[in-house]
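Enquirer: sequence unknown, structure follows:
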């Protein structure tokens, strides 16, 4: 792991060379490196916390001067009870996940003794740019090594001492393992990012983990593929037939369980016919939790007519930007819609294509919504806050992607892999097949135990017996 | 399908709106549109060929003046026997393929009555830029509609009359179907490409189909994801243990069956110890087929010592660029390597990561090669020319991708799809789970018929019985 003054090109080239060696290591070798990192960070805790204390001191000074937010200072602190141990445990958790590479995900008999396989493999070199939280370096390092990818890591300047301490320990730990230490490259200086983002020959995928501004800058600057999401403008659409108690429960969770989360609901769409029936109870529950409601004219007048006078005074009218804003706060914009088609049209236009939900008892309305909404996650009768790799059962989360290719929604380890096509033959050549020549067999060879019918079972039997 | 003077923004917005409607059509509705296009193009054959004749006349004039190559003129000609009918049949072939969208590819029981599904869906709006061959418009239109994607199509200026004729017919045919005609947008003027490549809000994926220059221009210009390959610098590595007859057969196919193909072998790597044993027979066979051999010093002197005097005079020394050049011609560069590690190092450095092959009888050497070569297709004992969607059994080919994300190698219809995550619940919310709350069940619900063990079979049974 480099902390030197290497040029961006040297950093990227070293990572590329390292990635080739890492890609062919066994599961055991990669897992052993994770254990080594874990153990070294456990032993080096005092050094890391001492470095972290320096970052905190500078950050606190900056916060007093108003240059940094206090929430950012809190995120910097590795000394909070349990935080360091959580970081260590996270490394072991990643080690325990199923190895995502060298898995055969498709197999076709092209002809006798000519078999095509699709085998998962690492992507290569990742560029990961993240803000503030210093423990991310351990998490990302573990994910990269587990999936056989080299990674170039650039952290926020506020945690530079913590990063340097952790990086030094990881780097030293790797020297006793099969993983080349060049596979993890830490870059400290901010100005190198622009140069790194140009190196699409050496860097295969860029993952910005941070706010809207960072992600937009990266997306607009590079021709390297970018995995991530800039905004999380999520909507919940409340239909008139849905019970008020369940609606309140879901919408409260979606808005207030973690308003700073990208999967929090920012907009509530309400059926016209629910304005005076279900909406008042939902609005009352939100107001009690301290949520500011920014209402369009129809919902505003309906609520003013139904809520008690005190609550009614808390209501606000919507502004011009409210349906294109990620509030990340106790604020909810409310819009009235005549029907599901209008809700779909509004969401497909204003949503950031992250996560959107419908609340209804009607299966046909729900299916229309689930089919037509062009977002990475689409829910029926649950909270948009469900969008999360841990909740989806991935064991870990690389991030959430609103991309339309590769990996969409919460991204697990699988999102850090691609595949190669492997053919094993016996001197068959392309010109033998096609018009006037041999015919392709093109038979799917099923996986162990998943043959779907007699033909596939027979094929698998023959394949195992070495007959095809 | 627009042939008007709409601005690039209007074109992209119209395609986006059309894509939303197309995405929710049934398999039958999309297939019916393909039949309608087929029938209309069959009826309109005379009009298309008349327009094509105009393109051919201009192209022939340009060819006489030296401004166009005669091979390009040949590719323009839709009147060649069988070509128009092949184009028509291609549309019906695409119709017969399995529907790639609305397939459930994963299903997880998150908790009772809370099920997560991964469902394939269209990507959205494709921008497809292609050169010369006018029949591509019919092929691409069929692929786009089949996969539920809108497409903006930009063809080469040489076939503009043919494009306009085909586009007019397709556009008219779509008016009688459920597919909005805005889903296929034809742009004719070259200068709009630069503007379209900026519209990453409306265009989800760009597929350039053409030469190296076009693909590089597109990749360097846009922040829209690009699917394709700029170069096809493929290598074959001949080990000393591989029989000369099989080696000659494979290498002849790889070099001479279609030298202009991106999957043709451009470089032959040879084990030092094969220089005087296997290589001479292979070289002799290549020279007889008219292949120019550009030999590194070791292979040159070995062949000069073993070939007959006439053949020896045909040999050429390698130039500085020969191992980084896509010849697309009857030219092969030959390099001597001491062992498989050197072959891997050379290929990973000089290959375009398209397709590379090893010829050996050694399983362990082959596995080392298959594992370490970082290319989209890697072969053992067969020809690099196998890299093709039809040969892989995809039924059709969108192109070949050397990308490291999304779709790699020959890309079938599946490469034009992504997925969305759908959760169906009953008012469960995120805050109920985790520390101190309910535990996630996270049980994989297997597909129909592919339960792998008793636990999965029982889960499937319960799921079908409506018990979970």
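Expert: The structure has been received and is ready for your questions. The shown structure was predicted, so the numbers you read here are calculated from the model rather than taken from an experiment.
Enquirer: let me see the contact set for residue A:343.
Expert: Contact partners of residue A:343, counting by CB atoms under 8 Å, 6 or more residues apart in numbering or on different chains, are A:237, A:269, A:337, A:358, A:369. From N, CA and C alone the C-beta is placed, and that goes for glycine too.
Enquirer: which of the helices or strands spans it?
Expert: Take DSSP states H and E as the rule and residue A:343 turns out to sit in helix A:340-350.
Enquirer: buried residues, that helix. List them.
Expert: For helix A:340-350, a neighbour-count test (16 or more other CB atoms under 10 Å in any protein chain shown) marks A:340, A:342-344, A:346-348, A:350 as buried.
Enquirer: okay, those in a markdown table with pLDDT next?
Expert: Below are the buried residues of helix A:340-350 laid out as a markdown table (pLDDT from 0 to 100):
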| residue | pLDDT |
| --- | --- |
| A:340 | 98 |
| A:342 | 98 |
| A:343 | 98 |
| A:344 | 98 |
| A:346 | 98 |
| A:347 | 98 |
| A:348 | 97 |
| A:350 | 96 |
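Enquirer: let me know the closest of the residues you listed to chain B.
Expert: If you rank the buried residues of helix A:340-350 by distance to chain B using CB to the nearest CB, residue A:348 comes first, at 6.1 Å.
Enquirer: what about the closest residue in space to that closest one that isn't next to it in sequence, which SS state?
Expert: For residue A:348, ignoring the flanking residues on the chain, the nearest one in space by CB to CB, 6 or more residues apart in numbering or on different chains is residue A:374 at 5.4 Å. The three-state label given to residue A:374 by DSSP: H, G, I helix; E, B strand; the rest coil is coil.
Enquirer: quick one, what contacts residue A:374?
Expert: Contacts of residue A:374 by CB under 8 Å, 6+ apart are A:348, A:353, B:20, B:23, B:124.
Enquirer: go again using 7 Å as the cut-off
Expert: With contact set as CB atoms under 7 Å, 6 or more residues apart in numbering or on different chains, residue A:374 has these partners: A:348, A:353, B:20, B:124.
Enquirer: same question, residue A:317
Expert: A:294-295, A:300.
Enquirer: show only the entries of those residues found in strands.
Expert: Among the contacts of residue A:317, DSSP state E puts A:294-295 in strands.
Enquirer: so can I have TSV of the contacts of residue A:317 showing pLDDT and distance to chain B?
Expert: Shown next, in TSV, are those (pLDDT from 0 to 100; distance: CB to the nearest CB, whole Å):
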residue	pLDDT	distance to chain B
A:294	98	23
A:295	98	23
A:300	98	27
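Enquirer: give the partner strands of the helix or strand just after the helix holding residue A:343 in its sheet and their orientations.
Expert: The element immediately downstream of helix A:340-350 (helix or strand, assigned by DSSP H and E) is strand A:355-359. Strand pairing for strand A:355-359, determined by DSSP bridges: strand A:234-238 (parallel), strand A:377-380 (parallel).
Enquirer: any chance of CSV for those strands, columns mean neighbour count and mean pLDDT?
Expert: Compiled in CSV, the strands paired with strand A:355-359 are given as follows (neighbours: other CB atoms under 10 Å in any protein chain shown; pLDDT from 0 to 100):
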stretch, mean neighbour count, mean pLDDT
strand A:234-238, 27, 98
strand A:377-380, 26, 98
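Enquirer: could I get those as TSV with distance to residue A:286?
Expert: Output for the strands paired with strand A:355-359, formatted as TSV (distance: least, CB to CB, whole Å):
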stretch	distance to residue A:286
strand A:234-238	12
strand A:377-380	19
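Enquirer: out of those, which is closest to residue B:255?
Expert: strand A:377-380 (49.0 Å; CB to CB).
Enquirer: what's the first helix or strand after the closest one?
Expert: From strand A:377-380 onward toward the C-terminus, using DSSP H and E, the following helix or strand is helix A:389-392.
Enquirer: what about that next one and chain B, any contact?
Expert: Yes - Helix A:389-392 is in contact with chain B by CB under 7 Å from any CB of the partner chain, via A:391-392.
Enquirer: how far is that helix from where the chain is centred?
Expert: 10 Å (CA atoms, centre = their mean, to the nearest Å).
Enquirer: tell me the domain boundaries of chain A?
Expert: A:8-221, A:234-393 (automatic domain parsing).
Enquirer: worst mean pLDDT among these?
Expert: Ranked by mean pLDDT, the domains of chain A bottom out at domain A:8-221, which scores a mean of 93.
Enquirer: and the end-to-end length of that domain?
Expert: 16 Å (CA to CA, to the nearest Å).
Enquirer: is that domain positioned near chain B?
Expert: Yes - Domain A:8-221 lies within reach of chain B by CB under 7 Å from any CB, at A:20, A:24, A:108, A:110, A:114, A:116, A:123-124, A:204-205, A:219-220.
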